[in-house]
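> make a model of this:
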Amino acid sequence: MSYLTAENLTKRYGSGDTAVLAVRGMTFSVDQGEFVAVMGESGSGKSTLLSILGALNTPTEGRYLVDDIDVYGLDSERRADFRREFLGFVFQSFHLVPYLTLAENVMLPLATVKVARNEKRRMALEALDRVGLGGKADRLPSQVSGGEQERVAIARAIVNDPPILLADEPTGNLDTKTSQEIMGLLTRLNQEGTTVVMVTHSPDCAAYARRVLRVVDGRVVEEDRIVRETAQGG
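Numbering: from 1, shown residues only. I've put the predicted structure just below:
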């Protein structure tokens, strides 16, 4: 059953002769528990699409539904609630606050959650443990490697235990070995039940997904179903 549904999504910037169509009538669906990669050249519209899926960028036309919720039919306050309850975000740039510890960085999405601080810390430590950093909670970002910073970013994205994880080039700043480790982590989270939608330009990273949406000039032109084991050598 479709969990995320895009219906004729269009995003237009500007008007008249200078208008730019970043997304052009995209229609597709993602099942609950799927791992989908979105591939395309720079400027193809894939990052604009991810921002729409993240309830951050209102489409000019079309509808976007998640679990039968019309996301852009919600007012701004309810849409913010939707983002907090349903979505976790992982970006190419880690966006960690340098003067906060790893645990404090992971706690940031919990700022508006009405629970005690010690409970927020417990949730953050649990998220760090899930990404293999349980013993480094009190270090600063500058005291860990780039790959570990990306793991912190993933822990921050999952601290609310969201059903959907959106990742924008999550290995773009990492070496090959570290990229494989991060992709293995995303795969494990997916196997635990998280729906993952990942934008990437890397065929090696896309091979971890169950399905690939190829985007050209703002359109979904092709969908490939692939065997994940190929990426893992078995």
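> list the contacts of the residue nearest to residue 61 when sequence neighbours are not counted.
Spatial nearest neighbour of residue 61, excluding adjacent residues (Cβ to Cβ, 6 or more residues apart in numbering): residue 10 at 4.0 Å. The C-beta positions use only the backbone N, C-alpha and C, and glycine is treated the same way. For residue 10, the contact set (Cβ atoms under 8 Å, 6 or more residues apart in numbering) comprises 21, 23-26, 59-62.
> tell me the one of these nearest residue 82?
Checking those against residue 82 by Cβ to Cβ gives residue 59 as the nearest, at 15.2 Å.
> which element, helix or strand, includes residue 213?
Per DSSP states H and E, residue 213 falls inside strand 211-216.
> quick one: mean pLDDT for that strand?
Averaged over strand 211-216, pLDDT sits at 93.
> dump the helix or strand following it to PDB, keeping only the CA atoms.
Counting by DSSP H and E, the element after strand 211-216 in chain order, helix or strand, is strand 219-225. Output of strand 219-225 as PDB, limited to C-alpha atoms (Å, rounded to 0.1, in the frame of the first residue of the first chain):
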ATOM      1  CA  ARG A 219      10.500  14.800 -14.400                       C
ATOM      2  CA  VAL A 220      10.600  11.300 -13.200                       C
ATOM      3  CA  VAL A 221      11.600   9.500 -16.400                       C
ATOM      4  CA  GLU A 222      12.400   6.000 -15.200                       C
ATOM      5  CA  GLU A 223      12.000   3.700 -12.200                       C
ATOM      6  CA  ASP A 224      14.500   0.800 -11.600                       C
ATOM      7  CA  ARG A 225      14.000  -2.000  -9.200                       C
END
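> how far off strand 211-216 does strand 219-225 point, in degrees?
Strand 219-225 runs at 160 degrees relative to strand 211-216, counting by axes from the mean of the first three to the mean of the last three Cα atoms, to 10 degrees.
> buried set for strand 219-225?
Across strand 219-225, burial judged by 16 or more other Cβ atoms under 10 Å covers 219-220.
> next one: stretch 166-174
So stretch 166-174, judged by 16+ other Cβ under 10 Å, has buried residues 166-172, 174.
> same check, this time on stretch 49-64
For stretch 49-64, a neighbour-count test (16+ other Cβ under 10 Å) marks 49-55, 57, 59, 62, 64 as buried.
> for stretch 76-91, same thing?
Residues of stretch 76-91 classed as buried by neighbour count (16+ other Cβ under 10 Å): 79, 82-83, 86-91.
> among the residues you listed, find the lowest-pLDDT one for me.
The minimum pLDDT among the buried residues of stretch 76-91 falls on residue 91, with 82.
> look up how far residue 94 lies from the nearest residue to it once chain neighbours are set aside.
Among residues not flanking residue 91 along the chain, residue 168 sits closest, at 5.2 Å (Cβ to Cβ, 6+ apart). Taking Cβ to Cβ, to the nearest Å as the measure, residue 168 falls 12 Å from residue 94.
> can you pull out the low-pLDDT segments for the chain?
Low-confidence segments of the chain (pLDDT under 70): 1, 225-234.
> buried stuff in the helix ranked longest in it?
Identified as the longest helix of the chain according to DSSP state H is helix 176-191. Residues of helix 176-191 classed as buried by neighbour count (16+ other Cβ under 10 Å): 178-183, 185-187, 189-190.
> and for that helix, what's in contact with it?
So helix 176-191 is in contact with 33-35, 130-132, 145-147, 150-151, 154, 158, 165, 167, 170-171, 174, 196, 198, 202, 204-205, 208, 228, 231-232, going by Cβ under 8 Å, 6+ apart.
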